[in-house]
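J.: Based on what follows, work out the 3D shape:
(chains A, B, C and D)
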4 protein chains.
Amino acid sequence: MTNLVNRRQFTIEWSHCDPAGIVFNSRFFEFFDWGTWTLFEAALGVKPHELAAVFGIVGLPLVDSAARFLAPARFGDRVELTSQVSEFRRSSFDVDHRLMVGGELAVEGRETRVWAGRDQSDPMRMKAQAIPADVIARFQCR
Amino acid sequence: MTNLVNRRQFTIEWSHCDPAGIVFNSRFFEFFDWGTWTLFEAALGVKPHELAAVFGIVGLPLVDSAARFLAPARFGDRVELTSQVSEFRRSSFDVDHRLMVGGELAVEGRETRVWAGRDQSDPMRMKAQAIPADVIARFQCR
Amino acid sequence: MTNLVNRRQFTIEWSHCDPAGIVFNSRFFEFFDWGTWTLFEAALGVKPHELAAVFGIVGLPLVDSAARFLAPARFGDRVELTSQVSEFRRSSFDVDHRLMVGGELAVEGRETRVWAGRDQSDPMRMKAQAIPADVIARFQCR
Amino acid sequence: MTNLVNRRQFTIEWSHCDPAGIVFNSRFFEFFDWGTWTLFEAALGVKPHELAAVFGIVGLPLVDSAARFLAPARFGDRVELTSQVSEFRRSSFDVDHRLMVGGELAVEGRETRVWAGRDQSDPMRMKAQAIPADVIARFQCR
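T.: Presented below is the predicted three-dimensional model:
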């Protein structure tokens, strides 16, 4: 578990909500994506859209995603999303997301992503690459 | 595992895709939602927006959702989504979703939902209710 | 033209963008909706989700919307959305939206919305109502 | 006014709707985009994702968009979207969209798009190009 935690606060919009008056489930996965990009920016000091170029990768494709919905979030709710890498492996990693509404945990999620470069033998394809040790180190605060 | 399988075919739209040229992950969860409503319509012969009224429930709130992304889906791809209840429990159930692109499995997902009525002691809240046996029976084809 | 201008700054997310790498057009209409709610909160000091109850209306349904796309907004762009009521009429009003990217106007939009209450003769329907003078006055800064 | 009209029928999904229980406005602009791609496929016999390559363009960027919302569309509504080019100019064109719910016009929209190629003097930029006469002719049925 790395200890750099990114916090992002925002307000639930009308457009996020469904006829039940609560955030539609797919929106949370969009929020998780926001959280991961912001966490990487906080850790690496690189703007999200420059991440690929700076680190010589193609992107951070998602291979697995999951969420538990414990309580609803509603229009006008002020929420806090915390995002943290729970595990780095050789070429993939897990990001844990927690969305708090009024101090209570409403949604928890996990994304598994790959540190992906271009496949040398087929430039149209991506290939998992070893995550540099100095990248991993940046997710650890002293 | 019930054996009624709902099949839904559609085309990946430009608006579904992200800068990598592939369907953005949160869209698949939206597709899963489409699949569940369509499956229930196929099983119960009731229009989705009439489901709550016909069965005296408030809705089918999602409590857990997960997906594995095995291969990308791209703009213009003709895809098939199959949806099937893999397990009915007392008041909750799992729906398995499989999205095929060109005959290959691209995404597999699972939703856990609750058969939820209004809480008698607090009408603003929902409460899990026992799923009627005749509802469950309709997901089984002879 | 009222002179209260609401400014909202945010960052363009990966999920906002399409395969051309720029914000997909429908997202701007979602941003306009955000802008209108925030403007009303700034003017009236009422949380968006409490607006209807406080003013005895059902909502602010949109009847007309338009946008001109002058320049693209891209992933990672820091943008500023300004929103301002350009005209109040008896029961409807126009909100002008301007989205700036790097100090340049990228998108301009206009929404026409109605101050809508419940129709007394048919509670399932909405009916345009006269906008209270003291509501209009709050969009004017001295 | 060209006379090729593309018709596309679909069902309003739960995920399309907002807390008022009706389709959120930005979704209609997404539907219009679907309609334009499908119209071009019907006219030109080319899959949307192959359009750029086949005609040597970069895309059909949207420069202007507008909609009038006459009646709501709700979850479960079966709708028909008709799309038609109302005018071709030298390098731009207008697409008119009409969304019918239960035989009644619910939303009408117009998109203005550009036939855009790569700018020879700056390959990172797009440049409006003359629309080939044989492209325009394909939007006219005998």
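J.: Quick check: phi and psi on the residue nearest to residue A:5 when sequence neighbours are not counted?
T.: Leaving aside its sequence neighbours, residue A:5 sits nearest to residue A:84 (CB to CB, 6 or more residues apart in numbering or on different chains; 4.7 Å). All C-beta spots, glycine's among them, are computed from the backbone N, C-alpha and C. When read as degrees, to the nearest 10, the backbone of residue A:84 gives phi -160, psi 140.
J.: distance of residue A:84 from chain D?
T.: 29 Å (CB to the nearest CB, to the nearest Å).
J.: burial of that residue, as a residue count?
T.: 19 (other CB atoms under 10 Å in any protein chain shown).
J.: Is it correct that it is in contact with residue A:8?
T.: No: with contacts counted by CB atoms under 8 Å, residue A:84 stays clear of residue A:8, the gap being 12.0 Å.
J.: Quick check: residue A:126 touching residue A:63?
T.: No: the pair residue A:126 and residue A:63 fails to qualify as a contact (CB under 8 Å) at a distance of 11.0 Å.
J.: Mutual contacts of the two, please.
T.: Listed as contacting both residue A:126 and residue A:63 by CB atoms under 8 Å, 6 or more residues apart in numbering or on different chains are residue A:114.
J.: hang on, the earlier thing: how near is the residue nearest to residue A:5 to residue A:65?
T.: 16 Å (CB to CB, to the nearest Å).
J.: Contacts only, for the residue nearest to residue A:5.
T.: The contact partners of residue A:84, taken as CB under 8 Å, 6+ apart, are A:1, A:2, A:3, A:4, A:5, A:6, A:39, A:95, A:96.
J.: Residue A:109 now?
T.: Per CB under 8 Å, 6+ apart, neighbours of residue A:109: A:28, A:29, A:32, A:65, A:66, A:67, A:68, A:96, A:97, A:98, A:99.
J.: do the same with residue A:95
T.: Per CB under 8 Å, 6+ apart, neighbours of residue A:95: A:32, A:35, A:36, A:39, A:83, A:84, A:85, A:86, A:110, A:111, A:113.
J.: before we move on, what about residue A:108?
T.: A:67, A:68, A:70, A:96, A:97, A:98, A:99.
J.: any idea which element the last one lies in?
T.: Per DSSP states H and E, residue A:99 falls inside strand A:92-101.
J.: That strand pairs with which strands, and in what direction?
T.: strand A:78-88 (antiparallel), strand A:104-114 (antiparallel) (DSSP bridges).
J.: Just put those strands in a markdown table and tack on distance to residue C:49 and mean pLDDT.
T.: Formatted as a markdown table, these follow (distance: least, CB to CB, whole Å; pLDDT from 0 to 100):
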| stretch | distance to residue C:49 | mean pLDDT |
| --- | --- | --- |
| strand A:78-88 | 11 | 98 |
| strand A:104-114 | 16 | 98 |
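J.: so which of the ones you listed gets nearest residue B:49?
T.: strand A:104-114 (25.6 Å; CB to CB).
J.: Please point out which parts of the following helix or strand past the closest one sit buried.
T.: Once the chain leaves strand A:104-114, the next helix or strand it forms, by DSSP H and E, is strand A:116-119. In terms of neighbour count (16 or more other CB atoms under 10 Å in any protein chain shown), strand A:116-119 has its buried residues at A:116, A:117.
J.: Alright, that wraps it up for me.
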